[in-house]
Structures are given as C-alpha cells and as structure tokens.
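Student: sequence first, then the predicted structure, then my questions.
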Amino acid sequence: MNLKVDGIEVAYGRRRIIHGLSLPELPAGSLVALVGPNGAGKSTLLRALAGLERMQGGLSLGGRDLTRLNAAERARLLAYMPQQLPPGIALSVLESVIAALRVGNEPDVLRASFEALARIGIEDLAEQSLDGLSGGQRQLVSLAQLIARKPQVLLLDEPTSALDLHYQLRVMDCVRELVREHQLLAVAVLHDINLAAACADFIVVLHGGQLYASGAPAAVLTPALLAEVYGVEARVEQCSRGRLQVLVDRALPRVRSGRYR
Amino acid sequence: MSAYLQSAGAPALEAAALSYRRLLLRRSVLVGVLLALLVASVLADLASGASGMGLGQLLAGILDPDALSATERVIIWNVRLPYALMAVLVGAALSLAGAEMQAILDNPLASPFTLGVSSAAALGASLAIAYPLAIDWLAPSGQVTVAAFVFACLSVLLLQAMSRLRGAGVESLVLFGIALVFSCNALVSLLQLLATEDVLQQLVFWTLGSLARANWEKLGILAAVLVVLLPFSLRAAPGMTLLRMGEDRARSFGVDVRRLRYASLLRISLLAATAVAFVGTIGFVGLVGPHMARLLVGEDQRFLLPASALVGALLLSLSSIASKLILPGVIVPVGIVTALVGVPVFVALVFRRGRRL
C-alpha cells in the first residue's frame, strides 16, 4: 500500500515545525530514508505519520484516509519505533515482545513474539531481563516488538543509533528483506548518510521543516545539497564495488544569512 | 502463521514456550504464597491483643458467637476482626492505587501519599474536625469521613484536570502532586495553630492514621470498592505494561493512553480516598508495596497489580500486629508503624536496585 503525504502542518504551540509538507507518493515495497540536519523536522514528521502529533493535512495509505482512523485501527497498519526503550523495566525480552502483542489481535502471541526475535537473530536473548541488555540490544528488542505486530508501514526513528557496525547492517538488511518480501513500506530517520545511501530505495531530505529534495540516493546526494543542507564540503563518489560513498572533507563556515559559504 | 516472520525451529520455540510457561507458573505460585502469608498474618493479628484471647478461643467464638460472653463478643466482633480485616483492605487498596499510579505516571515515587491524596484527605478531615457542621443526619465523626473522602477525590480530580491540559506532561502531574502535598500540609498546620487544645488533639490523632476507626459498615464499603474496581484494573493491565515501555510506543501500538490514564486516575481516587477517609493518613504502603511486588513478579501488570494489593495487605497486616506489640497495653496508631517500617524498607529497596527503581 502506497503512502500519500499531502500538505502536512505540525506545530508545537505557536512554533511551526513542519510547513505544508507534501511528499511524492511513497510506494509499498520500498525503504525510505528521512535525512536532514538537526531540527529539520524528521522525527516530528515520523511522529505525525504515526499519529503521535496533532497535524493538519492529508495522509492516506492505499487510498484509506489515516486521519479518520482511531488509534487501534491505525496501529494495525502503522507501527512506530521510538529511539529508546526506557531503562528499569522488570520484564524478560520475550515478555516485552509479548506485551506489545497483547494489545492487538494476534492469536498466538508466544509464537509470533519468538519468531520476531528469530527474524532479527536475537532469540538467544529471549529469557534475559531487559535491564541487563546493552543499549544496542534494547534497540533490537524494540525492533522485534515492531515487526511482531506485522504492520504495513514501519516507522523507525533512528533505528541504528545505538548499534555497532555489524548490527547496523543486520537491522537494515532485515528491514529491507521484510519490505521486499511483504510489500511493506519502511520510513526510517537516519543520521548516517552513507547508511541511508547504502540501504534506502528513496531518500527524502528535510530542511527547516520543508521538503528539500527527494528521490533515489544517487540523484539526491550531491555535493551541492550536502553543502546547502548540512553545511559540509563533501564528495560523493562510487567505491570499487559501485556503491555510493559520501566523503566529508570539512565543515563550512556559516554566513550571516544562516546559510553556509 | 504468516511468513512475515522467520519460522523459528520447532525445538527452539518449544523450549522458549516451556520457559515462558514456567515463568508464568512461578509468578502465579508467588501470588499464591503471598495470599497464604496474608492469611497467616491475619490469623496472627486476630490472635494478638491485650485481652489475652488465643487463636483457638477466637476462632471458636467466630464460629459460635452465642457461646461468647458479652465482653468477648465485643472484643472479637467490634475490635479484633474489624481491625484485622481493615488492615488487609486498606493495605490492598493503597498499594493497588500506588501500583497503578506508578504505572500511569511512569514514576517510581508516585503513591497516594506522595502525590497529595492523603494530604488532601487530612485537610478535609481537619476542616470537619475544627469546624463541624450542624447536620442532624450526619454525626461529626461521619462528617470527618465524608470530608476526607471528598477532599481526596478532589485532589485526584485536580490531577485528572491537569492531565487533560494540553502540554501537561507526566512530570507536570508529579510536580503538581508534590505542590498539593505542601499546600495541604501547610493548611492543616494553620488549622492546628488556630485550634483549641481539645480540637488539636483530635486533629493530630486523625493525621496519625489508625485502624481504631474500623467498623463493619466501613469494611463493607471498602471491600465493595476493591471487588468492583480490581477487574477493571486487571482489564487495563496489558495497556499499562506497554505504557511502562514508553508512552509513544504504547500509543503507536493502539493504546488510548489518555483514556487509560483517565480511567486509572478515577480508580485511584476511589481506592485511595475510601481507604484514607476511613483510617486516616497511612504512608509508605502505597509506595513500598508495589516496589516489593515488582521485585517478586516483575513488571507484567497482570501479575503486578494483584501482587501489589496482596503485598500492601500483608504489610499493613504485619504493621497492625507490630502496633500491638511495640508498647504493651497500647495500640500504637498503625500509620506510625508503617512510616517507621516503611522508611528503612524503602531505603533498602533503593540501594538493592542501585538507586534505579
């Protein structure tokens, strides 16, 4: 099911964070990376898509108006993964995934939970306490909770921020496989441009709460865009295996207008 | 099963299922053990007292009240049984309210005592004691109970109103509760300052919290409140477990967090207000009970809520026994005992968990 975002406005009090944002239709079966500098509105947009922020504008999935659905109906279609799983929770890993399913309609919560852990490759952690896990392992459990619910759209807020290189690739590969196999849509906020270039089918660049650019990584990621949006002098080159690599040389000084020189 | 998820190997899945079932069994057994300990504690509470009546004599008297002398009947039916059962019901109500408060406010320090419900009840009771109304159909002691209940409910309604304000987060609620504690305590102090010596004595005694105010009518009301509300608490348990893992996660998985909090605050107001109105301020049970239960059965609220109620009941029942033993011939108000026992237990819990409650 394709996701349509049409003229979204999000504000915190009087401060507008997202200004009339429309995106090209995001097709099912693709992994979309939301990138941009700090304060660009990436996480706010993701939260708005998840129904966690009040928003105005149009939002539909496969022609279904998401803004008219209640929380439970929406949760069957979209699932959101926050950046952190809070500490101090006296639950085992398996229990925490089961807890994510108990508020849904899953008939066999135990099997679905264990298989979600197996899909990410952390079934050996099933009996461990959440409190005893590293930050990265907790992020993996968080992802397992999400995919156990089998949503149509995965909304991932910096899903790899606490992971080592191995698990960064493993998680993104897992998400990409799910997306391909089941024609899902994944929208992930990513800070690592090279990870976005390597994994995403589409990149959406936000800047100042507005859409700056969108499209395939090779078309979007240019030295000019990186200078304008991130304020860095960078090269975009292909490595010996044909993969896109962003090589950052230096930070550009900011001039009075707020732009970068 | 959809191929959405990786099909796990049957032996691995079976092992996980077995281990999970064992975990659930262990938790159920622990809840059963708590229940058995509570029964034992109630029997010990019934058997203790200045009159020297033993447990056998007491049980025989309960089974055959006609065989008792008038004095024995008063001791058993008007003192021992109401005191012992009130300790159980008040402990269960306060601890259940505390467990729900900690879950929905995501704050380990939340309890009816720390968030102002008890202080508001004390203010209501103090006003009724200091300025009784001339109402024919309601005696001054009844007015105290009603005023305490109304003020306790008002405090939770204020918390609810805060939670409905746009932009009011959980932190604002907790800060508001703490502000309420200080405001109510200041007003109670002012009333004490203005009171005559006789009234002052009554004011101080009420705020101490005592099972001596127990009677069968109050027991019936509190038992009814618990029996009616506990199923609703258990029904909300899965949403509360998820809420403990973060509000955004719970909301995105379909939990109507605002409604969950609102309904829970309503239950908390009834549980805490009824308990506090009947026996006065009893601290720490609502705070420590849920933490002890969490150590035993973990965070799954389906087990934690009933376990909290049982631990709270057990703590207050044991405190009731201690209140009769500390000073021979004198029943120390149980509120003093829970505070004295609660503080070291609480500190021990904080250190045991590395200050991460």
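Tutor: Nice, thanks for sending it over.

Student: which SS state does A:Leu154 fall under?
Tutor: Three-state call for A:Leu154 (DSSP: H, G, I helix; E, B strand; the rest coil): strand.

Student: OK, contacts around the residue lying closest to it once chain neighbours are set aside?
Tutor: Nearest non-adjacent residue to A:Leu154, counting by Cβ to Cβ, 6 or more residues apart in numbering or on different chains: A:Ala186, 4.3 Å away. Backbone N, C-alpha and C define where each C-beta goes, glycine included. If a contact means Cβ atoms under 8 Å, 6 or more residues apart in numbering or on different chains, then A:Ala186 has A:Ser30, A:Leu31, A:Val32, A:Val153, A:Leu154, A:Leu155, A:Leu156, A:Val175, A:Arg176, A:Leu178, A:Val179 as its contacts.

Student: save the residues you listed as CSV, and put in distance to A:Leu78, neighbour count and pLDDT too.
Tutor: Conversion of the contacts of A:Ala186 to CSV gives the following (distance: Cβ to Cβ, whole Å; neighbours: other Cβ atoms under 10 Å in any protein chain shown; pLDDT from 0 to 100):
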residue, distance to A:Leu78, neighbour count, pLDDT
A:Ser30, 15, 19, 95
A:Leu31, 15, 23, 96
A:Val32, 13, 22, 96
A:Val153, 4, 24, 95
A:Leu154, 8, 23, 95
A:Leu155, 6, 27, 96
A:Leu156, 11, 27, 95
A:Val175, 15, 23, 91
A:Arg176, 18, 16, 92
A:Leu178, 14, 20, 89
A:Val179, 14, 20, 92
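
Student: now the two most distant members of these.
Tutor: Largest separation among the contacts of A:Ala186 by Cβ to Cβ: A:Leu155 and A:Arg176, giving 15.4 Å.

Student: specify the beta-bridge partners of the spatially most central residue of chain A.
Tutor: Geometric centre of chain A, nearest residue: A:Ala188, 1.7 Å, by Cα atoms, centre = their mean. According to DSSP bridges, the residues that bridge with A:Ala188 are A:Ala33, A:Leu156.

Student: for it, give me its contacts.
Tutor: With contact taken as Cβ under 8 Å, 6+ apart, A:Ala188 is in contact with A:Leu31, A:Val32, A:Ala33, A:Leu34, A:Leu154, A:Leu156, A:Asp157, A:Glu158, A:Pro159, A:Met172, A:Val175, A:Ala200.

Student: so A:Ala198 is in which element?
Tutor: Assigned by DSSP states H and E, A:Ala198 belongs to helix A:193-199.

Student: state the mean pLDDT of that helix.
Tutor: The average of the pLDDT scores along helix A:193-199 is 92.

Student: so how far is it off the chain centroid?
Tutor: 13 Å (Cα atoms, centre = their mean, to the nearest Å).

Student: what strands line up against whichever helix or strand comes after it, and which way round?
Tutor: Sequence-wise, the next helix or strand downstream of helix A:193-199 (DSSP H and E) is strand A:202-207. Note on strand A:202-207: by DSSP bridges, its sheet partners are strand A:30-35 (parallel), strand A:210-215 (antiparallel).

Student: adding distance to B:Val74, write those out as JSON lines.
Tutor: Below are the strands paired with strand A:202-207 laid out as JSON lines (distance: least, Cβ to Cβ, whole Å):
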{"stretch": "strand A:30-35", "distance to B:Val74": "75"}
{"stretch": "strand A:210-215", "distance to B:Val74": "80"}
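
Student: what's the closest non-adjacent residue to the residue nearest to the spatial centre of chain B?
Tutor: Nearest residue to the geometric centre of chain B (Cα atoms, centre = their mean): B:Leu94, 0.9 Å. Excluding the flanking residues, the one nearest B:Leu94 by Cβ to Cβ, 6+ apart is B:Gly286, at 4.0 Å.

Student: report pLDDT for that neighbour.
Tutor: Reported pLDDT for B:Gly286: 91.

Student: touching, it and B:Leu115? I think so.
Tutor: No - counting by Cβ atoms under 8 Å, B:Gly286 stays clear of B:Leu115, with 9.3 Å between them.

Student: who's in contact with B:Glu171?
Tutor: By Cβ under 8 Å, 6+ apart, the contact set of B:Glu171 is empty.

Student: now swap in the one 3 residues further on and tell me
Tutor: Listed by Cβ under 8 Å, 6+ apart, the contact partners of B:Val174 are B:Leu105, B:Asn107, B:Leu109, B:Ala110, B:Leu115.

Student: dump the residue contacts of the residue nearest to the centre of chain B.
Tutor: B:111-113, B:271-272, B:275-276, B:282, B:285-286, B:289, B:312, B:316.

Student: which helix runs longest in the chain?
Tutor: Here I'm looking at chain A. Longest helix in chain A by number of residues (criterion: DSSP state H): helix A:165-182.

Student: could you do chain B instead?
Tutor: For chain B, the longest helix by residue count, based on DSSP H, is helix B:10-47.

Student: pull out the buried residues from it.
Tutor: B:12-13, B:16, B:20, B:23, B:27, B:30-31, B:34, B:37-38, B:41-42, B:45-47 (16 or more other Cβ atoms under 10 Å in any protein chain shown).

Student: can you pick out the most distant pair from the residues you listed?
Tutor: Farthest apart among the buried residues of helix B:10-47 by Cβ to Cβ are B:Ala12 and B:Ala47. That separation is 52.6 Å.

Student: residues touching residue 78, list them.
Tutor: You didn't say which chain, so I picked chain A. Taking Cβ under 8 Å, 6+ apart, we find A:Leu78 in contact with A:Leu49, A:Ala50, A:Gly51, A:Leu61, A:Leu66, A:Pro151, A:Gln152, A:Val153, A:Leu155, B:Ser252.

Student: please go with chain B instead
Tutor: B:Asn78 neighbours (Cβ under 8 Å, 6+ apart): B:Asn215.
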